[in-house]
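K.L.:
Just need the structure, nothing else, for what follows:
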Amino acid sequence: MKALRDVASTDLRWSKPDLFRRLYELRSETDLVVVLRWEKALCSSALAESVDGRWILRRNGVFTRRVTLVREGSTSELASMTSRWGGGGIVHGPASRRYEWLKPSFWRSPWIFADESGRPVVRFEPECFGQGARVQVSPELRNHSDLPFLVTLGWYLLVLMADDGAVAAVAAAS
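P.N.:
So this is what the prediction gives:
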């Protein structure tokens, strides 16, 4: 596995290598960087693993959804995000840093994390049916300690959105 900071300037892509498992990999052009897996079906809790550590991501709540990210073996939150109605939300990271999770255009598919000044720092270009996404990291964030959890959290959120959309489609068809 390679450190994200070492490959952040290359072409990064989340993908699902196994059609039957809830397992995703972030890869650079040649290296595995992050693995995100759900151990249980129909559960929002996922485990992320990278050179930078292991984190547990969990979504709670029904109407006001909150996502937390904690280091494995710890109870203190590394980051949390409270969702807004209609998508997006505010991420509270380490050292009181804040990022906004948003979709800049109704008509286009990318999702971004923007820093406190509104500059995009991580951009996700989802591919068809939530099976993958291209990831672009701004030069300012490439060596930042928040990079691994933002890249992982963003993909976790996109996977959950795809899952929620699939559930809604099945419910509507029933």
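K.L.:
Now the residue positioned nearest the centre of the chain: closest residue in space that isn't a chain neighbour?
P.N.:
Residue closest to the average C-alpha location in the chain (C-alpha atoms, centre = their mean): residue 154, at 2.2 Å. Distances taken as C-beta to C-beta, 6 or more residues apart in numbering put residue 124 closest to residue 154, at 5.2 Å, once the chain neighbours are dropped. No exception for glycine: its C-beta is placed from N, CA and C like everyone else's.
K.L.:
Tell me which other helices or strands whichever strand or helix holds the one you found touches.
P.N.:
Per DSSP states H and E: residue 124 is located in strand 120-126. Applying 3 or more C-beta pairs under 8 Å, 6 or more residues apart in numbering; DSSP states H and E, one finds that strand 120-126 makes contact with strand 111-114, strand 132-137, helix 147-173.
K.L.:
Show me what counts as buried in that strand.
P.N.:
Neighbour-count burial for strand 120-126 flags 120-124, 126 (criterion: 16 or more other C-beta atoms under 10 Å).
K.L.:
would TSV of these with pLDDT be doable?
P.N.:
Putting the buried residues of strand 120-126 into TSV (pLDDT from 0 to 100) gives the following:
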residue	pLDDT
120	95
121	96
122	97
123	96
124	96
126	89
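K.L.:
Throw these into a markdown table and include distance to residue 33, thanks.
P.N.:
Below are those laid out as a markdown table (distance: C-beta to C-beta, whole Å):
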| residue | distance to residue 33 |
| --- | --- |
| 120 | 20 |
| 121 | 17 |
| 122 | 13 |
| 123 | 16 |
| 124 | 15 |
| 126 | 18 |
